[in-house]
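Visitor: this one's sequence-less:
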(Lines give C-alpha, C1' and ligand atoms only; values in the text may rest on other atoms or scores of the structure.)
Protein backbone atom coordinates (compact mmCIF):
# COMPACT_ATOMS: atom_id res chain seq x y z
CA UNK A 1 0.00 0.00 0.00
CA UNK A 2 1.31 3.47 -1.02
CA UNK A 3 1.25 6.03 1.76
CA UNK A 4 2.54 9.55 1.58
CA UNK A 5 4.67 10.89 4.41
CA UNK A 6 3.69 14.44 5.38
CA UNK A 7 6.64 16.45 6.61
CA UNK A 8 6.44 19.91 8.19
CA UNK A 9 8.66 22.98 8.18
CA UNK A 10 10.48 21.83 11.33
CA UNK A 11 11.34 18.48 9.72
CA UNK A 12 12.80 20.21 6.68
CA UNK A 13 14.69 22.70 8.84
CA UNK A 14 16.34 19.79 10.64
CA UNK A 15 17.59 18.58 7.23
CA UNK A 16 18.73 21.97 5.98
CA UNK A 17 18.79 25.14 8.08
CA UNK A 18 17.53 27.58 5.43
CA UNK A 19 14.06 28.91 6.26
CA UNK A 20 13.38 29.55 2.57
CA UNK A 21 14.25 25.92 1.81
CA UNK A 22 11.86 24.63 4.48
CA UNK A 23 9.04 26.94 3.41
CA UNK A 24 9.39 26.04 -0.26
CA UNK A 25 9.44 22.32 0.56
CA UNK A 26 6.16 22.64 2.44
CA UNK A 27 4.64 24.52 -0.51
CA UNK A 28 5.90 21.91 -2.99
CA UNK A 29 4.73 18.93 -0.93
CA UNK A 30 3.33 16.58 0.16
CA UNK A 31 5.40 14.07 -1.79
CA UNK A 32 4.45 10.53 -2.60
CA UNK A 33 7.90 9.03 -2.09
CA UNK A 34 11.50 9.67 -1.14
CA UNK A 35 12.73 10.20 -4.72
CA UNK A 36 10.10 12.85 -5.39
CA UNK A 37 11.06 14.60 -2.15
CA UNK A 38 14.76 14.61 -3.06
CA UNK A 39 14.04 15.92 -6.57
CA UNK A 40 12.06 18.82 -5.11
CA UNK A 41 14.76 19.45 -2.49
CA UNK A 42 17.48 19.62 -5.14
CA UNK A 43 15.49 21.99 -7.32
CA UNK A 44 14.69 24.29 -4.39
CA UNK A 45 18.20 24.24 -2.92
CA UNK A 46 20.09 24.89 -6.15
CA UNK A 47 17.59 27.03 -8.07
CA UNK A 48 15.47 28.89 -5.54
CA UNK A 49 17.39 29.39 -2.29
CA UNK A 50 19.60 32.47 -2.68
CA UNK A 51 23.19 32.87 -1.45
CA UNK A 52 22.02 34.30 1.87
CA UNK A 53 19.94 31.16 2.36
CA UNK A 54 23.00 29.02 1.66
CA UNK A 55 24.96 30.94 4.30
CA UNK A 56 22.05 30.54 6.72
CA UNK A 57 22.03 26.77 6.19
CA UNK A 58 25.82 26.52 6.62
CA UNK A 59 25.58 28.49 9.89
CA UNK A 60 23.27 25.79 11.31
CA UNK A 61 26.15 23.27 11.34
CA UNK A 62 28.56 22.77 14.23
CA UNK A 63 32.25 23.05 13.43
CA UNK A 64 33.50 19.64 12.28
CA UNK A 65 35.02 17.73 15.21
CA UNK A 66 32.86 19.61 17.69
CA UNK A 67 29.56 18.71 19.28
CA UNK A 68 26.67 20.99 18.41
CA UNK A 69 25.63 23.22 21.30
CA UNK A 70 22.68 22.20 23.42
CA UNK A 71 20.94 25.42 22.53
CA UNK A 72 21.03 24.54 18.81
CA UNK A 73 17.98 25.83 16.90
CA UNK A 74 17.06 22.31 15.77
CA UNK A 75 17.62 19.55 18.37
CA UNK A 76 17.07 16.93 15.66
CA UNK A 77 19.74 18.49 13.46
CA UNK A 78 22.14 18.64 16.42
CA UNK A 79 21.59 14.97 17.21
CA UNK A 80 22.07 13.97 13.58
CA UNK A 81 25.30 15.98 13.32
CA UNK A 82 26.67 13.94 16.18
CA UNK A 83 25.72 10.69 14.47
CA UNK A 84 27.16 11.76 11.12
CA UNK A 85 30.45 12.58 12.79
CA UNK A 86 30.67 9.33 14.76
CA UNK A 87 33.31 7.73 12.49
CA UNK A 88 35.37 10.92 12.58
CA UNK A 89 35.21 11.08 16.36
CA UNK A 90 36.05 7.39 16.76
CA UNK A 91 39.19 7.79 14.61
CA UNK A 92 40.36 11.06 16.19
CA UNK A 93 43.35 11.47 18.47
CA UNK A 94 44.10 14.55 20.57
CA UNK A 95 46.66 15.58 17.96
CA UNK A 96 44.33 15.24 14.95
CA UNK A 97 41.51 16.97 16.81
CA UNK A 98 43.87 19.82 17.60
CA UNK A 99 44.90 20.04 13.95
CA UNK A 100 41.28 19.88 12.82
CA UNK A 101 40.51 22.74 15.16
CA UNK A 102 43.35 24.87 13.79
CA UNK A 103 42.28 24.25 10.20
CA UNK A 104 38.67 25.02 11.06
CA UNK A 105 39.79 28.47 12.25
CA UNK A 106 41.94 29.01 9.16
CA UNK A 107 39.14 27.86 6.86
CA UNK A 108 36.57 30.14 8.44
CA UNK A 109 38.97 33.09 8.23
CA UNK A 110 39.41 32.59 4.51
CA UNK A 111 35.85 31.70 3.52
CA UNK A 112 33.65 33.29 6.17
CA UNK A 113 31.64 30.12 6.88
CA UNK A 114 32.13 26.76 8.60
CA UNK A 115 33.87 23.89 6.74
CA UNK A 116 31.06 21.69 5.51
CA UNK A 117 31.49 18.08 4.58
CA UNK A 118 29.19 15.09 4.44
CA UNK A 119 31.07 13.38 7.25
CA UNK A 120 29.16 10.12 7.53
CA UNK A 121 31.60 7.19 7.42
CA UNK A 122 34.68 9.41 7.03
CA UNK A 123 37.66 9.27 9.35
CA UNK A 124 39.30 12.32 10.88
CA UNK A 125 42.52 11.99 8.78
CA UNK A 126 40.36 11.78 5.63
CA UNK A 127 38.38 14.87 6.62
CA UNK A 128 41.57 16.76 7.47
CA UNK A 129 43.14 15.95 4.10
CA UNK A 130 39.97 17.10 2.32
CA UNK A 131 39.89 20.33 4.32
CA UNK A 132 43.50 21.15 3.40
CA UNK A 133 42.81 20.40 -0.25
CA UNK A 134 39.66 22.49 -0.36
CA UNK A 135 41.32 25.36 1.50
CA UNK A 136 43.25 26.13 -1.71
CA UNK A 137 40.02 26.89 -3.61
CA UNK A 138 38.79 30.33 -4.59
CA UNK A 139 36.00 31.49 -2.22
CA UNK A 140 33.25 31.20 -4.87
CA UNK A 141 34.34 27.68 -5.86
CA UNK A 142 34.40 26.59 -2.24
CA UNK A 143 31.01 28.20 -1.66
CA UNK A 144 29.42 26.03 -4.35
CA UNK A 145 31.24 22.90 -3.14
CA UNK A 146 29.94 23.52 0.38
CA UNK A 147 26.42 23.80 -1.05
CA UNK A 148 26.86 20.41 -2.74
CA UNK A 149 28.01 18.89 0.56
CA UNK A 150 24.98 20.44 2.27
CA UNK A 151 22.76 18.75 -0.33
CA UNK A 152 24.33 15.36 0.50
CA UNK A 153 23.63 15.96 4.19
CA UNK A 154 20.06 17.01 3.35
CA UNK A 155 19.41 13.88 1.28
CA UNK A 156 20.82 11.63 3.99
CA UNK A 157 18.61 13.26 6.60
CA UNK A 158 15.52 13.20 4.39
CA UNK A 159 16.02 9.47 3.92
CA UNK A 160 16.09 9.07 7.70
CA UNK A 161 12.87 11.02 8.08
CA UNK A 162 11.29 8.86 5.41
CA UNK A 163 12.30 5.60 7.03
CA UNK A 164 11.09 6.68 10.47
CA UNK A 165 7.82 8.19 9.24
CA UNK A 166 6.99 5.40 6.77
CA UNK A 167 7.39 2.89 9.59
CA UNK A 168 5.05 4.99 11.73
CA UNK A 169 2.48 5.26 8.93
CA UNK A 170 2.45 1.52 8.21
CA UNK A 171 2.15 0.77 11.94
CA UNK A 172 -0.95 2.95 12.08
CA UNK A 173 -2.38 1.27 8.99
CA UNK A 174 -1.96 -2.32 10.19
CA UNK B 1 58.85 60.79 -15.49
CA UNK B 2 57.36 57.72 -13.70
CA UNK B 3 55.52 58.56 -10.52
CA UNK B 4 53.62 56.19 -8.31
CA UNK B 5 50.14 57.14 -7.16
CA UNK B 6 49.54 56.36 -3.52
CA UNK B 7 45.93 55.42 -2.83
CA UNK B 8 44.41 54.94 0.62
CA UNK B 9 41.69 52.70 2.05
CA UNK B 10 39.01 55.33 1.39
CA UNK B 11 39.98 55.54 -2.28
CA UNK B 12 39.71 51.79 -2.67
CA UNK B 13 36.42 51.69 -0.78
CA UNK B 14 35.01 54.20 -3.25
CA UNK B 15 35.91 51.75 -6.04
CA UNK B 16 34.61 48.63 -4.29
CA UNK B 17 32.68 48.64 -1.02
CA UNK B 18 34.29 45.59 0.57
CA UNK B 19 36.44 46.54 3.58
CA UNK B 20 38.57 43.42 3.09
CA UNK B 21 39.22 44.48 -0.51
CA UNK B 22 40.32 47.97 0.53
CA UNK B 23 42.55 46.68 3.34
CA UNK B 24 44.23 44.10 1.12
CA UNK B 25 44.83 46.69 -1.60
CA UNK B 26 46.60 48.96 0.88
CA UNK B 27 48.73 46.02 2.05
CA UNK B 28 49.58 45.03 -1.53
CA UNK B 29 50.43 48.60 -2.66
CA UNK B 30 51.73 51.09 -3.49
CA UNK B 31 51.62 50.26 -7.19
CA UNK B 32 53.76 51.75 -9.89
CA UNK B 33 51.05 52.00 -12.53
CA UNK B 34 47.43 51.39 -13.35
CA UNK B 35 47.93 47.92 -14.80
CA UNK B 36 49.72 46.70 -11.67
CA UNK B 37 46.89 48.12 -9.56
CA UNK B 38 44.24 46.35 -11.61
CA UNK B 39 46.12 43.05 -11.49
CA UNK B 40 46.28 43.25 -7.70
CA UNK B 41 42.62 44.27 -7.52
CA UNK B 42 41.53 41.28 -9.62
CA UNK B 43 43.56 38.86 -7.55
CA UNK B 44 42.22 40.23 -4.27
CA UNK B 45 38.61 40.46 -5.42
CA UNK B 46 38.37 36.98 -6.97
CA UNK B 47 40.77 35.01 -4.74
CA UNK B 48 40.83 36.67 -1.32
CA UNK B 49 37.55 38.48 -0.67
CA UNK B 50 35.02 35.93 0.62
CA UNK B 51 31.35 35.71 -0.31
CA UNK B 52 30.35 37.96 2.60
CA UNK B 53 32.75 40.57 1.23
CA UNK B 54 31.12 40.27 -2.18
CA UNK B 55 27.68 40.85 -0.61
CA UNK B 56 29.08 43.81 1.32
CA UNK B 57 30.40 45.38 -1.91
CA UNK B 58 27.10 44.78 -3.74
CA UNK B 59 25.21 46.44 -0.88
CA UNK B 60 27.23 49.64 -1.44
CA UNK B 61 25.50 50.20 -4.81
CA UNK B 62 22.26 52.12 -5.30
CA UNK B 63 19.49 50.31 -7.12
CA UNK B 64 19.93 50.84 -10.87
CA UNK B 65 17.80 53.76 -12.06
CA UNK B 66 17.91 55.38 -8.62
CA UNK B 67 20.20 58.04 -7.20
CA UNK B 68 22.38 56.92 -4.32
CA UNK B 69 21.25 58.36 -1.00
CA UNK B 70 22.99 61.43 0.36
CA UNK B 71 23.98 59.51 3.44
CA UNK B 72 25.93 56.97 1.35
CA UNK B 73 29.02 55.62 3.12
CA UNK B 74 31.30 56.80 0.32
CA UNK B 75 30.34 60.18 -1.24
CA UNK B 76 32.82 59.54 -4.07
CA UNK B 77 31.20 56.20 -4.87
CA UNK B 78 27.75 57.82 -4.80
CA UNK B 79 28.86 60.55 -7.21
CA UNK B 80 30.44 58.01 -9.56
CA UNK B 81 27.29 55.84 -9.56
CA UNK B 82 25.38 58.84 -10.81
CA UNK B 83 27.90 59.44 -13.59
CA UNK B 84 27.97 55.77 -14.61
CA UNK B 85 24.18 55.78 -14.91
CA UNK B 86 23.99 59.00 -16.93
CA UNK B 87 23.30 57.29 -20.27
CA UNK B 88 20.65 55.11 -18.65
CA UNK B 89 18.94 58.11 -17.08
CA UNK B 90 19.10 60.12 -20.30
CA UNK B 91 17.37 57.31 -22.23
CA UNK B 92 14.75 56.53 -19.60
CA UNK B 93 11.06 57.30 -19.86
CA UNK B 94 8.58 57.19 -16.98
CA UNK B 95 7.39 53.82 -18.29
CA UNK B 96 10.85 52.23 -18.55
CA UNK B 97 11.84 53.63 -15.14
CA UNK B 98 8.71 52.10 -13.69
CA UNK B 99 9.50 48.76 -15.33
CA UNK B 100 13.12 48.95 -14.14
CA UNK B 101 11.86 49.54 -10.64
CA UNK B 102 9.54 46.52 -10.75
CA UNK B 103 12.30 44.27 -12.05
CA UNK B 104 14.69 45.56 -9.40
CA UNK B 105 12.24 44.40 -6.73
CA UNK B 106 11.74 41.03 -8.43
CA UNK B 107 15.48 40.57 -8.86
CA UNK B 108 16.26 41.37 -5.24
CA UNK B 109 13.52 38.98 -4.07
CA UNK B 110 15.05 36.12 -6.04
CA UNK B 111 18.75 36.78 -5.43
CA UNK B 112 18.90 38.71 -2.15
CA UNK B 113 21.11 41.49 -3.49
CA UNK B 114 20.83 44.49 -5.81
CA UNK B 115 21.04 44.02 -9.61
CA UNK B 116 24.59 44.98 -10.50
CA UNK B 117 25.68 46.00 -13.94
CA UNK B 118 28.50 48.11 -15.31
CA UNK B 119 26.07 50.73 -16.57
CA UNK B 120 28.46 53.18 -18.19
CA UNK B 121 27.27 53.97 -21.74
CA UNK B 122 24.27 51.64 -21.54
CA UNK B 123 20.72 52.73 -22.23
CA UNK B 124 17.78 51.90 -20.00
CA UNK B 125 16.17 49.49 -22.54
CA UNK B 126 19.54 47.66 -22.82
CA UNK B 127 19.84 47.39 -19.03
CA UNK B 128 16.25 46.19 -18.71
CA UNK B 129 16.78 43.48 -21.34
CA UNK B 130 19.93 42.33 -19.54
CA UNK B 131 18.16 42.24 -16.19
CA UNK B 132 15.33 40.09 -17.58
CA UNK B 133 17.85 37.74 -19.17
CA UNK B 134 19.96 37.44 -16.02
CA UNK B 135 16.87 36.97 -13.85
CA UNK B 136 16.57 33.44 -15.30
CA UNK B 137 19.95 32.41 -13.83
CA UNK B 138 20.50 30.14 -10.85
CA UNK B 139 21.38 32.24 -7.74
CA UNK B 140 25.00 31.02 -7.62
CA UNK B 141 25.54 31.78 -11.33
CA UNK B 142 24.10 35.24 -10.94
CA UNK B 143 26.21 35.80 -7.82
CA UNK B 144 29.42 35.21 -9.79
CA UNK B 145 28.19 37.33 -12.74
CA UNK B 146 27.44 40.20 -10.35
CA UNK B 147 30.98 39.88 -8.97
CA UNK B 148 32.35 40.18 -12.51
CA UNK B 149 30.26 43.31 -13.10
CA UNK B 150 31.54 44.71 -9.81
CA UNK B 151 35.11 44.15 -11.03
CA UNK B 152 34.35 46.13 -14.22
CA UNK B 153 33.02 48.99 -12.08
CA UNK B 154 36.11 48.77 -9.85
CA UNK B 155 38.49 48.92 -12.82
CA UNK B 156 36.66 51.89 -14.33
CA UNK B 157 36.81 53.74 -11.02
CA UNK B 158 40.46 52.87 -10.42
CA UNK B 159 41.30 54.31 -13.83
CA UNK B 160 39.57 57.54 -12.82
CA UNK B 161 41.52 57.72 -9.58
CA UNK B 162 44.71 57.15 -11.53
CA UNK B 163 43.99 59.88 -14.04
CA UNK B 164 43.06 62.41 -11.36
CA UNK B 165 45.94 61.57 -9.04
CA UNK B 166 48.57 61.29 -11.78
CA UNK B 167 47.58 64.76 -12.93
CA UNK B 168 47.90 66.03 -9.36
CA UNK B 169 51.32 64.38 -8.95
CA UNK B 170 52.68 65.83 -12.19
CA UNK B 171 51.35 69.25 -11.25
CA UNK B 172 53.24 69.07 -7.96
CA UNK B 173 56.38 67.93 -9.77
CA UNK B 174 56.38 70.68 -12.41
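Guide: Yes, it's here. All of these numbers come straight from a predicted model, not from anything done at the bench.
Visitor: any residues of chain A in contact with chain B? List them.
Guide: Contact residues (C-beta under 8 Å from any C-beta of the partner chain) of chain A with chain B: A:46-55, A:110-113, A:138-140, A:143-144, A:147. Every residue, glycine included, has its C-beta placed from N, CA and C.
Visitor: out of those, which sit inside helices?
Guide: Applying DSSP state H to the residues of chain A next to chain B, the entries found in helices are A:51-55, A:110-111, A:139-140, A:143-144, A:147.
Visitor: could these go into CSV alongside pLDDT and neighbour count?
Guide: CSV is the format used below for these (pLDDT from 0 to 100; neighbours: other C-beta atoms under 10 Å in any protein chain shown):
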residue, pLDDT, neighbour count
A:51, 98, 22
A:52, 98, 16
A:53, 98, 22
A:54, 98, 28
A:55, 98, 19
A:110, 97, 16
A:111, 98, 23
A:139, 98, 20
A:140, 98, 20
A:143, 98, 23
A:144, 98, 16
A:147, 98, 21
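Visitor: which two among the residues you listed are spaced furthest apart?
Guide: Pairwise distances across those peak at 21.5 Å for A:53 and A:110 (criterion: C-beta to C-beta).
Visitor: what's the helix or strand for the residue positioned nearest the centre of chain A?
Guide: Geometric centre of chain A, nearest residue: residue A:153, 3.5 Å, by C-alpha atoms, centre = their mean. In the assignment (DSSP states H and E), residue A:153 maps to helix A:139-173.
Visitor: before we move on, the earlier item: just the closest of the ones in helices among the residues of chain A next to chain B to residue A:121, please.
Guide: residue A:147 (20.7 Å).
Visitor: for the spatially closest residue to the residue nearest to the centre of chain A that is not a sequence neighbour, helix, strand, or coil?
Guide: Distances taken as C-beta to C-beta, 6 or more residues apart in numbering or on different chains place residue A:118 nearest to residue A:153, at 5.3 Å, with adjacent residues excluded. What DSSP: H, G, I helix; E, B strand; the rest coil gives for residue A:118 is coil.
Visitor: pLDDT wise, what is residue A:118 at?
Guide: Each residue has a pLDDT score; the one for residue A:118 is 93.
Visitor: same question, residue A:121
Guide: 86.
Visitor: phi and psi next, for it.
Guide: phi 80, psi 0 (degrees, to the nearest 10).
Visitor: what is the neighbour count of the spatially closest residue to residue A:61 that is not a sequence neighbour?
Guide: Excluding the flanking residues, the one nearest residue A:61 by C-beta to C-beta, 6+ apart is residue A:114, at 5.4 Å. Using other C-beta atoms under 10 Å in any protein chain shown, residue A:114 is surrounded by 18 other residues.
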